[in-house]
Every structure is written in structure tokens, then in C-alpha cells.
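> structure for this input, please:
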Amino acid sequence: MVVRRIGLTGGIGSGKSTVAGLLVAQGAVLVDTDAIARSIALPGGIAMPALEAAFGPGVIDAAGGLDRAAMRQIVFADAGAKARLESILHPLIGAETQRQAAAAGEDAVVVFDVPLLVESGRWRAIVDRVLVVDATEETQLKRVVARSGWAPEAVKAVIAQQATRRARRAAADAVIYNESLTLEELAQEVRGFWERWAKSGTR
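I've put the predicted structure just below:
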């Protein structure tokens, strides 16, 4: 059987988004749940009325979208706030994810880019294979600080909120260890998975 639904995940700074782009270059259709989450919380986004009702005007930026820094501070300090946020966003993200996957067509190979795939617990039943992009926490920290300018403490807080490397690897059908790979080496790894999964249908 050719693999039609691939769940792609990895910790912040692992290189997951780069792998997603390389899979698209091979012919996959990408459904990016993080991009969907951002889009519904933009000014005029469908999540904004519920977010303001739940958390107040302090999480709304000047343009009328979600102030992500303010929301991040609330969520890190309050597990209940995190649960409320997820109860608003997850159903909306799920509906749009299903719509985009259906629009790709039955013959498409769809890659679901899901940062919290392991944490959500529901994706194993949705996808045919799970591909994890892995790197050490030290490397994750360096990459995110370099690209975003975040303080190291903020990056460490995000890493702490995500599943452990061990949990992600345990949930994987395959792992790309993206610790010291060049872009070309990473592309070769991705092409290998594409050939085995999307073309031949083997593990």
C-alpha cells in the first residue's frame, strides 16, 4: 500500500519545517496545522471572538489579532489557561485540517505538519505513518535563539511544554536525526523516505 497520510512532527528547532518543505518538493501536499492556528487568530480570524471572551482584551494586539507573546505568558503560568486555549483552537484547527486534506484529493500524498502530534494523542488513527525530526535540546536551543532572537529561557520553556524526545521517538515509524546534517544530506534522507513510502508503499 502506498502511504497517503504522513504525520510529521518534531520539537521546536528540530528542522521539521525544513523537512516539510523538502517533502513538498517531492510532490506532497502540505497541511500545516501551525499555519492554520496562526491564520484563525489573525485580525478577523474565526477564533478571535472566543479568544477575547475567554482571556480578555489583554491578549488582543493593536491590529485585532492574537498577541502571541501575551498569550504565551498566560499559558506558561497557568495549565488551566492552556486547556481553555486548546478547547477553543483545536476544534477549529481540526475542521480546517480536514477541509484541506479532502481538497488535496484521494490520490495525493498529504503531509500533516503537526508540532504537537504526540501530545494530542489522536493523530495515530488519522495518519498511515509518523515521521519524527529529532535533534538534541542543546541544538534546538541554539537554532531557535539564532533565528528568532528569543531569550534562551523562553526557548527552554517551550521545549519543556512539548513532548520529550523519547516520547516522540517512541511514537515514530521513522526518525530523521537532524543534528549535524547539511541541507543536501537532509534532502537525501527525505528523498529516501519518499521513495520508500510514497512510491513503493513499503516501510
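> okay, CA-based contacts and neighbour counts for the rest of this
Will do.
> mind checking how far residue 198 is from residue 15?
Per Cα to Cα, to the nearest Å, residue 198 is found 21 Å from residue 15.
> just say helix, strand or coil for the residue most central in space within the chain.
Nearest to the mean C-alpha position of the chain, by Cα atoms, centre = their mean, lies residue 115 at 2.5 Å. Following DSSP: H, G, I helix; E, B strand; the rest coil, residue 115 is assigned to coil.
> same check on residue 150?
Relying on three-state DSSP, one would call residue 150 coil.
> skipping its backbone neighbours, what lies nearest it in space?
Spatial nearest neighbour of residue 150, chain neighbours left out: residue 144 (7.2 Å); criterion: Cα to Cα, 6 or more residues apart in numbering.
> ok, the one you found to residue 155 distance?
7 Å.
> neighbour count for those two, which is higher?
Counted by other Cα atoms under 10 Å, residue 144 and residue 155 do not tie: residue 155 has more neighbours, with 22 against 19.
> pLDDT score assigned to the more buried one?
On the pLDDT scale, residue 155 is placed at 93.
> sorry, back to before: correct me, but the residue nearest to residue 150 touches residue 13?
Yes. Between residue 144 and residue 13 there is a contact under Cα atoms under 8 Å: 5.4 Å.
> which residues of this structure score low on pLDDT?
Scanning the chain for pLDDT under 70 picks out 1, 200-203.
> residue ranges of the strands in it, please?
Along the chain, the segments classed as strands by DSSP state E run 5-10, 29-32, 110-113, 129-134, 174-177.
> what about the third one, distance to the chain center?
Using Cα atoms, centre = their mean, to the nearest Å, the distance from the centre of strand 110-113 to the centre of the chain it belongs to is 9 Å.
> output the contacting helices and strands for that strand.
strand 5-10, helix 16-26, strand 29-32, helix 33-40 (3 or more Cα pairs under 8 Å, 6 or more residues apart in numbering; DSSP states H and E).
> just the buried residues of that strand, please?
For strand 110-113, the neighbour count (16 or more other Cα atoms under 10 Å) marks 110, 111, 112, 113 as buried.
> what sits against residue 64?
Listed by Cα atoms under 8 Å, 6 or more residues apart in numbering, the contact partners of residue 64 are 42, 43, 44.
> again but with residue 159, I slipped
11, 12, 137 are the contacts of residue 159 under Cα under 8 Å, 6+ apart.
> quick check: the last one vs residue 150, distance?
In this structure, residue 137 and residue 150 are 15 Å apart, going by Cα to Cα.
> the two: which has the busier surroundings?
Using other Cα under 10 Å, the more surrounded residue of residue 137 and residue 150 is residue 137, with 19 against 12.
> re the thing from before, for the residue nearest to the centre of the chain, which non-adjacent residue is closest in space?
Excluding the flanking residues, the one nearest residue 115 by Cα to Cα, 6+ apart is residue 9, at 5.2 Å.
> how about the lengthiest helix in the chain: buried residues?
For the chain, the longest helix by residue count, based on DSSP state H, is helix 79-104. Neighbour counts over helix 79-104 (16+ other Cα under 10 Å) mark 81, 85, 89, 92, 93, 96, 97, 101 as buried.
> not counting its neighbours along the chain, what's nearest the fourth one?
Once flanking residues are discounted, residue 92 sits nearest to residue 47: 7.5 Å by Cα to Cα, 6+ apart.
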